[in-house]
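1. Just to be clear, the model below is a prediction. Sequence and coordinates:
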Amino acid sequence: MDRILADQTRAAGSTVDQLAPAGGTTPQVRRWVAEQHRWAAAIAEHGVDWDHPRSVHWNAACGTDAAADFAAVRRNARTYDAIAPAFAATARHREDRARTAEAMGDLVTARENYFMAAVHWSAAQWPGHADDAVSRGHHERKRACYARYAALADHHVEAVSVPFPGTHRGSLPAWLHLPPGYTGGRLPVALVVPDLDSAKEATVALHGDRFLSRGFAVLAIEGPGQYECAMLGTHFSVPAWAQVGPACVDWLAGRAELDPEQVVIAGSGFGSFAATVVAAHEPRLRACAVTEVCHEPGWTTVFEQASPAYKMRFMYMTGHTDEAEFDRFARTLTWQGRAERIAMPYLAVVGEDDELSPIEWTRALLDAVQGPRRLVVYQGSPHHIGGVPSARLGPSPSGLMADWLAARVRGDAFPSEQWLIDGDGRINRGPLPAVEPMEPSPPEWPVEPTPTPAVEPTPAPSAAPVPVAPAGKAKGRARGSRKKGGQVPAGGDHPQPSIRHEPAAASGSRNRSKVPRGPAS
């Protein structure tokens with residue numbers, strides 16, 4: 001069966017160069033090693049979602065039939081080293097079911113299981129941060145399974161290589177989806193950028209995708225540094241992402257089914273930062289919408305206070321194995337000097353208590369954007385918008401984004417304003433507040449580490465990063481600081497939480513808000 005899958009992968013046009021030498025070095029992060037007992041305890045208690053509900057996102061793409069798969073992984077994978085094997089075993093099980101169903105002529109069951117297998121193989125890739133034989137093997141199985149899904153899908157799904165000069169193969173990998181029932185004409189396009197943990201194969205949902213169901217075609221990409229691009233040697237940099245928009249829109253313009261004048265971009269997590277850079281350098285885009293944002297310049301809170309897994313993944317994306325070199329590189333991670341170029345409509349959907357990207361930085365970004373903009377804040381929510389009454393009772397964040405982008409394609413006007421989704425699910429509208437200039441907090445590491453005598457290196461607790469356990473408030477400045485020595489913004493430092501659970505009643509939400517209230521809708 002492995003030989004058959006390999007043949008299917010080659011037929012699908014896998015973009016991983018099989019002649020490239022396998023190997024690679026796993027990046028080492030100080031806190032990952034120094035605090036290994038903390039991360040191990042967090043994983044033992046919370047499983048794969050110790051620092052972020054990543055399995056919830058993966059499950060959402062697969063639908064309810066995969067819920068038992070993810071529940072079993074959450075229950076059984078209680079060490080970092082156990083996560084990848086648990087997902088790989090689940091992926092093999094789904095592959096077997098898909099092949100059996102296909103052999104019996106049950107093609108709907110087959111395609112659904114191939115899709116789930118591809119997502120599980122992607123999840124098995126996530127804990128590894130080296131371009132080694134294991135990661136490549138997981139990737140090849142993922143491509144093979146997704147290619148079989150594409151062949152059996154209820155809508156057109158096509159493997160795409162977007163020309164991108166200067167990269168290993170001169171292209172960016174993507175999947176193009178056309179909405180079910182498409183019979184002709186030019187379609188609006190959603191260019192979708194996945195987050196740090198996810199892949200293009202999990203970007204378009206198996207059932208009821210938010211963009212396809214609204215009549216969009218979807219170009220699900222992986223840009224510089226993400227999964228397949230990183231395996232090809234195309235690493236992350238802000239200048240590289242500045243070229244992604246022109247490359248994609250130029251490619252879309254050559255397709256008769258697609259309308260290059262009706263292209264929008266959406267991103268979450270890492271994708272929120274990447275999409276903002278893309279929007280700044282591609283004025284032909286109609287609108288940009290982002291959520292679960294990463295807007296703090298330098299990403300200091302993410303890299304120095306949150307789970308070391310985030311930093312480990314990002315080092316892999318950039319091709320860095322030396323943390324001191326990466327720390328210097330991280331200073332380039334900023335929208336400043338770029339967001340000022342954005343004249344298109346811009347939407348940011350955020351959690352009020354985002355522990356990874358202080359909300360003050362999103363306000364500063366919106367203040368720099370030149371076009372009409374909207375900030376939507378879910379009261380009491382952490383970075384992952386959920387687990388609080390505002391998210392349960394208010395509008396769905398993903399649906400809200402898709403509706404907003406559909407309205408931009410229609411040409412509907414909207415005022416620049418701020419929405420607060422409160423604990424009762426009401427939308428409180430008001431003007432965007434004035435924003436004071438901000439500057440990034442200095443990193444909490446020395447620019448030049450003090451040399452130490454050569455010693456045998458301490459082995460990391462595993463080949464990949466381990467989780468961030470709920471802990472007390474981090475020391476030092478966690479947030480962006482006001483110029484002129486201002487105070488840390490209201491709300492103070494936020495510890496990295498485990499999964500937030502919604503209170504039993506809406507009355508459990510906070511009565512105060514950092515967002516001025518306007519009239520409720």
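-> Structure's in. What do you need? Residues are numbered from 1 along each chain as shown.
2. Report the buried residues of stretch 174-193.
-> By neighbour count on 16 or more other Cβ atoms under 10 Å, the buried set for stretch 174-193 is 174-179, 187-193. Just so you know, the C-beta spots here come from the backbone N, C-alpha and C atoms, and that holds for glycine as well.
3. now stretch 239-255
-> Across stretch 239-255, burial judged by 16+ other Cβ under 10 Å covers 240-245, 247-249, 251-252, 255.
4. Repeat that for stretch 200-215.
-> In terms of neighbour count (16+ other Cβ under 10 Å), stretch 200-215 has its buried residues at 200-206, 209-212, 214.
5. Just flag the most distant two among those residues.
-> Based on Cβ to Cβ, the longest span within those runs between E201 and R214 and measures 21.0 Å.
6. before we move on, which element is the nearest residue to P27 once chain neighbours are set aside in?
-> Using Cβ to Cβ, 6 or more residues apart in numbering and skipping residues adjacent in sequence, the residue nearest P27 is M315, 3.7 Å away. If you go by DSSP states H and E, M315 is part of helix 308-318.
7. swap in V376?
-> Counting by DSSP H and E, V376 is found in strand 373-378.
8. Also D412?
-> Under the criterion DSSP H and E, no helix or strand holds D412.
9. tell me the pLDDT at it?
-> With respect to pLDDT, D412 has a value of 97.
10. ok, now G47?
-> So G47 comes in at 94 (pLDDT).
11. same question, P457
-> Listed pLDDT for P457 reads 41.
12. Repeat that for R426.
-> Residue-level confidence at R426 comes out at 98, pLDDT.
13. Please apply the same query to T15.
-> Per-residue confidence (pLDDT) for T15: 38.
14. picking up where we left off before, closest one to I427 out of the buried residues of stretch 239-255, please.
-> G245 (30.9 Å).
15. Now do the same contact list for that closest one.
-> G245 sits next to 265, 278-279, 281-282, 284-285 when contact means Cβ atoms under 8 Å, 6 or more residues apart in numbering.
16. List of residues touching the strand holding V376?
-> By Cβ under 8 Å, 6+ apart, the residues outside strand 373-378 that reach it are 345-352, 359, 362-363, 366, 385, 388, 390-391, 394, 397, 400, 404, 414, 416-421, 432, 513-515.
17. That one: partners in the sheet, and parallel or antiparallel?
-> If you go by DSSP bridges, strand 373-378 pairs up with strand 346-351 (parallel), strand 417-421 (parallel).
18. quick one, which of these is packed in tightest?
-> strand 346-351 (a mean of 25; mean count of other Cβ atoms under 10 Å).
19. so after it, what's the next helix or strand?
-> helix 359-368.
20. contacts for that next one?
-> Residues from elsewhere that reach helix 359-368, judged by Cβ under 8 Å, 6+ apart: 276, 293, 295-297, 335-336, 339-340, 342, 346, 348, 350-352, 373, 375, 377, 432-433, 435, 437-438, 479-480, 489, 514.
21. hang on, the earlier thing: using PDB, write out every CA atom in the helix holding M315.
-> Only the C-alpha atoms of helix 308-318 are listed here, as PDB (Å, rounded to 0.1, in the frame of the first residue of the first chain):
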ATOM      1  CA  PRO A 308       8.200  27.700  23.100                       C
ATOM      2  CA  ALA A 309       6.500  25.600  20.500                       C
ATOM      3  CA  TYR A 310       5.500  28.800  18.600                       C
ATOM      4  CA  LYS A 311       9.100  30.000  18.500                       C
ATOM      5  CA  MET A 312      10.400  26.500  17.500                       C
ATOM      6  CA  ARG A 313       7.900  26.400  14.600                       C
ATOM      7  CA  PHE A 314       8.800  29.900  13.500                       C
ATOM      8  CA  MET A 315      12.500  29.200  13.600                       C
ATOM      9  CA  TYR A 316      11.900  26.200  11.300                       C
ATOM     10  CA  MET A 317       9.900  28.400   9.000                       C
ATOM     11  CA  THR A 318      12.800  30.900   8.700                       C
END
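22. just checking, what packs against that helix?
-> With contacts taken as 3 or more Cβ pairs under 8 Å, 6 or more residues apart in numbering; DSSP states H and E, helix 308-318 sits against helix 30-34, helix 300-304, helix 323-329.
23. Please identify the most buried of those.
-> Of all the helices and strands packed on helix 308-318, helix 300-304 has the most neighbours on average by mean count of other Cβ under 10 Å, namely a mean of 25.
24. Does P188 belong to a helix, a strand or coil?
-> Classification of P188 by DSSP: H, G, I helix; E, B strand; the rest coil places it in strand.
25. My read is that it contacts D259, right?
-> Yes - because the distance of 5.8 Å satisfies Cβ atoms under 8 Å, P188 is recorded as touching D259.
26. separation between D209 and W335?
-> Separation of D209 from W335 (Cβ to Cβ, to the nearest Å) stands at 28 Å.
27. ok, now L219?
-> Distance, L219 to W335, by Cβ to Cβ: 22 Å.
28. same check, this time on P415
-> Using Cβ to Cβ, we find P415 at a distance of 23 Å from W335.
29. who's more crowded, those two?
-> Comparing P415 with W335 by other Cβ atoms under 10 Å, the one with more neighbours is W335, at 25 against 10.
30. Am I right that that one sits in a strand?
-> No - the assignment for W335, made by three-state DSSP, is coil rather than a strand.
31. For P433, see how far away the residue nearest to it when sequence neighbours are not counted is.
-> Closest residue to W335 apart from its sequence neighbours, by Cβ to Cβ, 6+ apart: T276 at 5.2 Å. Separation of T276 from P433 (Cβ to Cβ): 20 Å.
32. So between those two, which is more surrounded?
-> Comparing T276 with P433 by other Cβ under 10 Å, the one with more neighbours is T276, at 26 against 13.
33. leaving aside the residues next to it on the chain, what's closest to C229?
-> Closest residue to C229 apart from its sequence neighbours, by Cβ to Cβ, 6+ apart: E222 at 5.2 Å.
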